[in-house]
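A.B. asks: the following comprises the amino acid sequence and a computationally predicted model.
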Amino acid sequence: MNSFEQENGDKPTIALTGATGYIGSNLLKKLQRQASIIALSRSGDQQKNTENVTWRSVDLFSLADAEKGLEGADYAVYLVHSMIPSAKLTQAKFEDMDLILADNFAQAAKKNGVKQIIYLSGIIPNDTEELSRHLKSRKEVEAVLGAYGIPVTIVRAGLIVGPKGSSFPILKKLVKRLPMMLLPKWTRQKTHPIALADVLHTLKGSIGSKRLSGKTIDVGGPDVMTYREMMIDTAEVMGKKRRLVNVPFMTVNLSRLWVSVTTGTPKEMVYPLIESLVHPMVANPEQMDDELSYGCIPFKEAAKSALEDDEQESSKPKKKKEKKQLPRQSLMSARYNVFFSQKGKMQNGQLIITRNGFLI
């Protein structure tokens, strides 16, 4: 019996956020034969339902939307991050938006009687007082998701090696486009990459697990290495010769601008990620689960698979997407929900939102 299979043998219902995203779409494929899936996405109304998958269009900025989205769910997988600006609250920091989204989701889960939330977070260094914005936000979201009494299983991962996402594609573009690179100090910081397949295995195994209910686990692959070493291995897999020169003088601020310009990746995504690389991103052995934390796919093998998948995807003919314009009334209503579904007050001309001791 699978960890999330009901005692009476019935299939459980799992709500999956970000179901059209990089991690979510791959996890959906692994779960749909063994569970009934409520696939949540802002573009859910553009998807087709299948035998085991029901799509729902949900905007988590709206508490009412979140509550409707989670109706009937036994378990909920939370794969939401907001580093890339959306159409709403673009004037806000991603950390603020992450808290609003997580709070709405947790409240909705509580109202619908969800048994467990599974959250994919980031590795948090134990010996670092000043965390980067990215890691601090992940930790705050962990706390918010558990603020309403629902058991939360937190899976903390470092760099996930796959064809899409954020960190590995950035590394791939650097290696592909630059025959010589001046590498600042942060590229020699230790990190703990893990293959996409290993992360999916952990997430699936965490759903419905009583042993991991309310617990936090770190995950990592068999290789602990530096960003520089990952560049060398990636270049080797790509069949390219690259000259890498260590330099002591390039700051994180300069590095993040250089990476964004070179790779063409939006600064909203690059800046928080590069800031996090000043920390050692290695899984803590004391927080690793014997059954689910230890990935078995080496970095070079994972990189090769990711590059091959990316090449296959690029060779497919691209479909033209029709742009869907929201009616003005709907957009105004959504914005109203964002601001007024929370407890807030005006201070110096700005809306201050407070929730369970958190101040935005």
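C.D. replies: Looks like it arrived, so ask away.
A.B. asks: ok, now how distant is R228 from A306?
C.D. replies: Distance, R228 to A306, by CB to CB, to the nearest Å: 19 Å. Glycine gets a C-beta too; all of them are placed from N, C-alpha and C.
A.B. asks: the more surrounded of the two?
C.D. replies: Applying other CB atoms under 10 Å to R228 and A306 shows that A306 carries more neighbours, namely 23 against 16.
A.B. asks: could you find the closest non-adjacent residue to that one?
C.D. replies: Spatially, and ignoring its direct neighbours in sequence, A306 is nearest to P163 (4.7 Å; CB to CB, 6 or more residues apart in numbering).
A.B. asks: surely that neighbour is in a strand?
C.D. replies: No. Assigned with DSSP: H, G, I helix; E, B strand; the rest coil, P163 falls outside any strand and is coil.
A.B. asks: near it, how many other residues are there?
C.D. replies: 20.
A.B. asks: for it, which residues are in contact?
C.D. replies: Taking CB atoms under 8 Å, 6 or more residues apart in numbering as the criterion, P163 is in contact with 169, 306-307, 309-310, 313.
A.B. asks: now for those, which sits with the most neighbours around it?
C.D. replies: Going by other CB under 10 Å, A306 tops those with 23 neighbours.
A.B. asks: mind telling me what element that residue is part of?
C.D. replies: helix 299-315 (DSSP states H and E).
A.B. asks: so how far is stretch 153-166 from its chain's centroid?
C.D. replies: 7 Å (CA atoms, centre = their mean, to the nearest Å).
A.B. asks: endpoint to endpoint, that stretch covers what distance?
C.D. replies: 23 Å (CA to CA, to the nearest Å).
A.B. asks: then stretch 217-231?
C.D. replies: 27 Å.
A.B. asks: please apply the same query to stretch 281-295.
C.D. replies: First-to-last residue span, stretch 281-295, CA to CA: 15 Å.
A.B. asks: which residues are contacting it?
C.D. replies: For stretch 281-295, using CB under 8 Å, 6+ apart, the contacting residues are 122-123, 125-126, 156, 158-159, 189-192, 194-195, 198-199, 201-202, 205-206, 212, 216-222, 224.
A.B. asks: tell me the mean pLDDT for it?
C.D. replies: What stretch 281-295 shows for mean pLDDT is 95.
A.B. asks: buried sites along that stretch?
C.D. replies: 281-284, 287-289, 292-295 (16 or more other CB atoms under 10 Å).
A.B. asks: just the strands from the stretch 151-300 of the chain, written as ranges.
C.D. replies: 152-157, 160-161, 180-183, 190-191, 194-195, 216-218, 225-226, 243-246 (DSSP state E, counting those that start in this stretch).
A.B. asks: can you give me the helices in this structure?
C.D. replies: 22-31, 63-69, 94-111, 133-145, 167-177, 196-206, 227-238, 252-263, 267-276, 299-315, 328-340 (DSSP state H).
A.B. asks: and L40, which of those helices is closest to it?
C.D. replies: helix 63-69 (5.0 Å; CB to CB).
A.B. asks: buried set for that closest one?
C.D. replies: Here helix 63-69 shows 63, 65-67, 69 as buried, counting by 16+ other CB under 10 Å.
A.B. asks: looking at those residues, spot the one nearest L28.
C.D. replies: G69 (15.1 Å).
A.B. asks: which residues touch the closest residue to the closest one other than its chain neighbours?
C.D. replies: Excluding its sequence neighbours, the residue lying closest to G69 (CB to CB, 6+ apart) is V58, at 3.7 Å. By CB under 8 Å, 6+ apart, the contact list for V58 reads 17, 40-42, 44, 65-66, 68-69.
A.B. asks: pretty sure K111 is touching E67, no?
C.D. replies: Yes. With contacts counted by CB atoms under 8 Å, K111 reaches E67, the gap being 5.6 Å.
A.B. asks: how far off centre is stretch 60-75?
C.D. replies: 19 Å.
A.B. asks: tell me the mean pLDDT over that stretch?
C.D. replies: Here the average pLDDT along stretch 60-75 is 96.
A.B. asks: which one of the contacts of P163 is nearest to H134?
C.D. replies: Looking across these and measuring by CB to CB, the closest to H134 is P169, at 16.5 Å.
A.B. asks: look at the closest one and report its pLDDT.
C.D. replies: 82.
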